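Engineer: sequence first, predicted coordinates after that:
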Amino acid sequence: AGRATGGFAWRSVDGTMSRHNTRNKNKRPRADESASPSYAALKRIHSTGAITQDDIRQLYSVWKPVCQGCHGNTKDSPNCFCGLIPTTGGARKTGLWQKNGEHVGSLGPDPSKDLRASTETPAGLTNLGATCYANSILQCLYMNTSFRSGIFSLEPDILKKQPVLDQLARLFAQLHSSKMAFIDSAPFIKTLELDNGVQQDSHEFLTLFLSLLERSLSYSKVTVAKTIVQDLFRGSVSHVTRCSSCGRDSEASSKMEDFYELELNIKGLSNLEESLDDYLSVEALNGENQYSCESCQKRVDATRCIKLRSLPPVVNFQLKRYVFLPKTTTKKKISSSFSFPGQLDMGKRLSDPSSNYIYDLAAILIHKGSAANSGHYVAHIKDESNGHWWEFDDECVSSLGFHPFGEKPGKSSDKADQKSEGTSTEGSVANGNNSSHHEAALTSNMGEMFSSTDAYMLMYKRSSKDENGIKSNNIVEASNSSLPRHLMDEIDALNASCVNECGEYLSKKDNLLASIQERRQEVKSVITEAPATPDDDSYFWISLDWLRQWADNATPPSSIDNSPIQCEHGKVPASKVTSMKRLSAKAWEKLLSKYGGGPTLRKDDVCKECLKDVAKTAVSADVYRDRKASLKNLAEAALAGSIPEGPSYFISKAWLSHWLRRKNVDITFDADKGPTSALRCSHGNLLPEHASGAKRVSVPESLWLFLYETIAREADDVVTFPSDTQPCEICDHKLSAVASVEDRLRAVKLKQRQSHEKLISGKGFALNPGQKYYLVPSSWLSEWRAYITATGKNVSSLPEPQSLEVAINSLKCEKHSRLLQRPLDIVYKRGGITQKTSNTDGLAIISESDWQSFSEEWNVEHADGACAEIVFSKSSEDKPHESSEAMVISDKDPDQSINGANDDLEDCRPYVRTDPEVCEECIGERESCALVEKLNYQNEDIHVYLVRGKEAPKSIREASAALPVPDRRTSKRSRRTTTGNSISLKVSGSTTVYQLKLMIWESLGIVKENQKLHKGPLEIEEDFATLADKCIFPGDVLWVKDSELFEDRDIADEISEPKADALPAEEGFRGTLLTSSVSAQLCQDIVSSE
């Protein structure tokens, strides 16, 4: 019925609703709908053939009132427009009614958010992947106003011929005057030919970069720019060697050497003063290191030290936080706290002391991270114009106030107040800075002291006047207010482009929001006017799907499409009432005039043809329901075995049961193939009743005719079987033959069960010395038991075991004609000897009578059997190598059956002697191959228990030491799923012990050096051995103890530094412009051309 009405919710053939509602399954059942107004209208239409306006109002739900704010849109009512738009102030996840911010997000990022408030706030630099080391150095150089002004003073001609200087000047100009909050560093990085995906050392970069700049700037005609690098950063030292005998200095001691930074040791040192003392300390040359004095003409004791001859305006202190480990050929970072002052007196450090060398802390380069070859660089730099400190973290620039590591919350930001107080922030950095490194401010005689665990380079700038009374930091008159014309024009163009981009974005945003607002007003206007009252005769039908798309989408559909709610006659069927709405004439005219389309479906466009079909189907369903109810008793009687009087017919018993339970005729199921399909054989005849699935019942002729008219006629090729129909002779013969074979099989199995009554049970039996036994494979015996014990319907379900003759012959190796399997172990307890049992491995012992029966039943020569005998040996040395392992004899008196063996039985061991013997050579080869194959596993589970205490519990030791069981099922838990003190780890046979210890370290927090890892009683050592080397199998249970001898440390230190055998050679800046002679050669070409 439902198919005929296209899903319209009328009563189906069996009286139930053809439209299913899965919501609220537990609600009370509806009242009998045969008395509903809609059914009454359909019945009236079917009987009279006339359709009135009242019928249309009822069947098209025109009578339903207009909804006023129901929870959601009601499909059963064409007058409900609720839920098409959200309530006031509401929003949706997508479409027209999502939040304005999400609409604006479709335009992409707002470029105005990338602008900085003013050029007084420093700009950041983009990180291209791993270029933070270069960004931090560039910011340190840029924030030095003297260096910056020197770069800005370069001639345009030099910039055109020097790409590095040109890109550096452009970068500095953008940092100076660009409106952007961060500057793209890609052109500069590309010019230097740096690999932006490789992390480098910032100190090495600074050294090479200053060298490159010094060569490039030497060809400038601007005096200040030409030597800006030397004037700012270059100092001089001499290495003085003095003879302890004559007191003279070596000739080399008078030589001056330039430096651009001082590399200071910090290992074992706590502050900058100590590191400087160490740097300038006197070294004694004696013993094997004696000095060969030219004046004394012999090797003598001497002293050696470094003397500072001159200091530059900017002193860079490189803190040697990385130490080389010869044992592993790797570098390790020193993360100890190191203190340094806010003001430093270097005059006393000079070879000729002076009071005019006072330096202020200007910048701190910080390396965050625990590994030497990774991490992140940031710079804390002081603005020279106002003493304000900034943190430069690539694109992000954060204010730190007037202290290099941020001000204490609630503390005054006034610079004079802080200086007078002499203290600063203590503990972690404020202002949201990363706390993975520790900074603190202390107080010393020189003023403020700062402490950091990650400070990597310190920049100090001279603040005192020189001998001539000139401040040394005024080497170049820095002008922060203007740029050279050639750079200013470029920056102005970039800023103008940025402003235009922001203006275009703002215009797009305003236009988008205006269009969204206009669309929302349009939708609200139409939806407000859309409802037509039940008494309004001038209404139009419109597709609910189109209306929903129009109301939901920011971009409306191009035209109205009412085709989905039309029937084949081009009208509006009642079955589509849940897919359409009644629209007022005013709302329809608004939509049609703007969007067009159609077709226009008015009040009179209801489809009367479809209504008549629906009425006919609904009434037929009611008739079907009544007839089925009247014949139900006949069907139940047939199933109960009642034989009807008069003509009767066979139908499937299962089919009739399904039909009685069936509540809705529109739901298909297997029985729809027809009431007799299960009874028909492949020849088209009646199947014998003892065939599978061919159970049948006889039904009266009246029931059969009803079933045939209403159901069976819909099935293809329905065959009628009167109750006197004879079964198919061909099928009956085949089934009889099968039954005969199964009968014979049952008899054979019964005979074997009687012949092997004890063997069938699978239980062990007593073995006696001196008695002859035979051996069969345990796997074959297990299959034979399952086959023999299968009875009833399963009598032929299990396949017959492999031929016993083949199984016996497969036991012997071709090379030696000996046995390829060992007998199962024997047990000697309380005076009795028995054999262990297994369903898979080894050879099982059977009695001679059982073997005799097997020989007859399976056509095996009696002499082909493998014989066995229980014998005793007085010591393990007397026992043949091929025999199975014997259990220790108990202290109790043995059974009388073995009294004759020996009076001193406590020294005897029983074992199985076989004929032929066991071939240990071939078995060893096979087991070795199997072991190799088993150890070649991938991504399997092992289990590790953390043991707290002196010794592992017995249960863990035994589980750990147990031999691997073939095909053992292992845990499928994911890696590092911790349950109490145990974890499961995914490993492979090629996993090394070192890698396993790293997994345990990561999961349980025990450092590698403290792990005492065991399998059973044996400790697992040798880090570079594989798990296969240590015979660790899938599913094995290991246990670990924490020795607590070494301090805890971060696993990142271990993971980030490769082992020596896999450590690649460090490339550094090889292949970049920093290490090539291109720049120098280019400068020479420039001079030659001039």
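Structural biologist: Looks like it came in fine. Numbers count the residues shown, from 1 in each chain.

Engineer: which residue is the nearest non-sequential neighbour of Pro688?
Structural biologist: Pro727 (4.2 Å; Cβ to Cβ, 6 or more residues apart in numbering). For every residue, glycine as well, the C-beta is placed using N, CA and C.

Engineer: packing partners of the longest helix seen in the chain?
Structural biologist: When secondary structure is assigned using DSSP state H, the longest helix within the chain turns out to be helix 485-529. Using 3 or more Cβ pairs under 8 Å, 6 or more residues apart in numbering; DSSP states H and E as the contact criterion, the secondary-structure elements in contact with helix 485-529 are helix 100-105, helix 163-177, helix 544-552, helix 585-595.

Engineer: how far off centre is it?
Structural biologist: Centroid separation for helix 485-529 versus its chain: 40 Å, with Cα atoms, centre = their mean, to the nearest Å.

Engineer: for Cys80, see how far away the residue nearest to Pro531 when sequence neighbours are not counted is.
Structural biologist: Spatially, and ignoring its direct neighbours in sequence, Pro531 is nearest to Val66 (4.3 Å; Cβ to Cβ, 6+ apart). As defined by Cβ to Cβ, to the nearest Å, Val66 lies at a distance of 8 Å from Cys80.

Engineer: and Val944, what element?
Structural biologist: When secondary structure is defined using DSSP states H and E, the element that contains Val944 is strand 940-946.

Engineer: who wins for proximity to Arg822 among the helices and strands packed on helix 485-529?
Structural biologist: Arg822 sits nearest to helix 100-105 of all these, at 74.5 Å, using Cβ to Cβ.

Engineer: packing partners for the helix or strand that that closest one is followed by?
Structural biologist: Stepping forward along the backbone from helix 100-105, the first helix or strand reached (DSSP H and E) is strand 124-125. Applying 3+ Cβ pairs under 8 Å, 6+ apart, one finds that strand 124-125 contacts helix 132-142, strand 182-183, strand 389-393.

Engineer: let's have the ones you listed in JSON lines, adding mean pLDDT and mean neighbour count.
Structural biologist: As requested, the helices and strands packed on strand 124-125 are exported to JSON lines (pLDDT from 0 to 100; neighbours: other Cβ atoms under 10 Å):
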{"stretch": "helix 132-142", "mean pLDDT": "94", "mean neighbour count": "24"}
{"stretch": "strand 182-183", "mean pLDDT": "92", "mean neighbour count": "22"}
{"stretch": "strand 389-393", "mean pLDDT": "94", "mean neighbour count": "24"}
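
Engineer: what's the closest of these to Trp851?
Structural biologist: Closest among these, once you apply Cβ to Cβ, is helix 132-142, at 82.3 Å.

Engineer: pull the longest strand from the protein.
Structural biologist: strand 358-368 (DSSP state E).

Engineer: who does the residue lying closest to Ala866 once chain neighbours are set aside bridge with?
Structural biologist: Nearest non-adjacent residue to Ala866, counting by Cβ to Cβ, 6+ apart: Leu775, 4.2 Å away. Here Leu775 sits in beta bridges with Ile845, Ala866, as judged by DSSP bridges.

Engineer: wait, doesn't Leu775 sit right on Glu848?
Structural biologist: No: counting by Cβ atoms under 8 Å, Leu775 stays clear of Glu848, with 11.6 Å between them.

Engineer: count of neighbours near Ser218?
Structural biologist: Other residues within reach of Ser218 by the criterion other Cβ atoms under 10 Å amount to 14.

Engineer: these two touch, right, it and Ile228?
Structural biologist: No: here Ser218 lies out of contact with Ile228, judged by Cβ under 8 Å, at a distance of 10.7 Å.

Engineer: got a list of what the residue nearest to Ala866 touches?
Structural biologist: Shown in contact with Leu775 (Cβ atoms under 8 Å, 6 or more residues apart in numbering): Leu811, Leu819, Pro823, Leu843, Ala844, Ile845, Ile846, Gly865, Ala866, Cys867, Ala868, Thr914.

Engineer: who wins on neighbours among those?
Structural biologist: Within those, Leu843 tops the neighbour count with 27 neighbours, counted by other Cβ under 10 Å.

Engineer: quick check: closest non-adjacent residue to it.
Structural biologist: Leu775 is the one closest to Leu843 (Cβ to Cβ, 6+ apart), at 4.2 Å.

Engineer: how many neighbours does the nearest residue to Met580 once chain neighbours are set aside have?
Structural biologist: Taking Cβ to Cβ, 6+ apart, and ignoring the residues beside it in sequence, Met580 has Ile565 as its nearest neighbour in space, at 4.5 Å. Using other Cβ under 10 Å, Ile565 has 22 other residues around it.

Engineer: try the one 3 residues further on
Structural biologist: A count of nearby residues for Glu568, using other Cβ under 10 Å, gives 10.

Engineer: quick one, the helix or strand hosting Leu583 and helix 585-595 angle?
Structural biologist: Under the assignment given by DSSP H and E, the secondary-structure element containing Leu583 is strand 580-584. For strand 580-584 against helix 585-595, the angle between stretch directions is 100 degrees (axes from the mean of the first three to the mean of the last three Cα atoms, to 10 degrees).

Engineer: counting contacts, what elements does strand 580-584 pack onto?
Structural biologist: Contact partners of strand 580-584 among helices and strands, from 3+ Cβ pairs under 8 Å, 6+ apart: strand 539-543, helix 544-552.

Engineer: which of those is buried the deepest?
Structural biologist: Across those, the average number of neighbours (mean count of other Cβ atoms under 10 Å) peaks for strand 539-543, which reaches a mean of 24.
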